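K.L.:
Got a predicted model here, sequence first, then my questions.
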Amino acid sequence: MRSDLLKKMAMAMMLGMMAFGVVACDNDEGPAEEAGESVDNAVDDAGQAMEDAGDNIQDKAEEQ
């Protein structure tokens, strides 16, 4: 049950990151583009951290 929830959360994060990435894509290069890339990287890092945390929770739950 918990792993299903974690999988759904991870999928939602991935879809959100992809949607944000599509919206953030533009050919203009300047301060706004750099800021957008910074936000994209932060969102990617947060998504990866969440996925890692979910994996750790799942591993700990399976140990018990």
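P.N.:
Looks like it arrived, so ask away.

K.L.:
Which secondary structure elements does the longest helix along the chain sit against?
P.N.:
Secondary structure assigned by DSSP state H gives helix 31-63 as the longest helix of the chain. Here helix 31-63 touches helix 2-24, going by 3 or more C-beta pairs under 8 Å, 6 or more residues apart in numbering; DSSP states H and E. Any C-beta I mention is one placed from the backbone N, CA and C, and that applies to glycine too.

K.L.:
Can you list the buried residues in the helix it packs on?
P.N.:
Residues of helix 2-24 classed as buried: 6, 13, 17 (neighbour count, 16 or more other C-beta atoms under 10 Å).

K.L.:
Give me the contacts around the helix or strand of the chain with the lowest mean pLDDT.
P.N.:
Lowest on mean pLDDT, DSSP states H and E among the helices and strands of the chain sits helix 2-24, with a mean of 75. Contact partners of helix 2-24, identified using C-beta atoms under 8 Å, 6 or more residues apart in numbering, comprise 36-37, 39-40, 43-44, 47, 50-51, 54, 57-58, 61.

K.L.:
And the residue nearest the centre of this structure?
P.N.:
The centroid of the chain falls nearest to residue 47 when counting by C-alpha atoms, centre = their mean (2.3 Å).

K.L.:
Spatially, what comes nearest to that one if we skip its sequence neighbours?
P.N.:
Distances taken as C-beta to C-beta, 6 or more residues apart in numbering place residue 13 nearest to residue 47, at 4.6 Å, with adjacent residues excluded.

K.L.:
Appreciated, that's everything.
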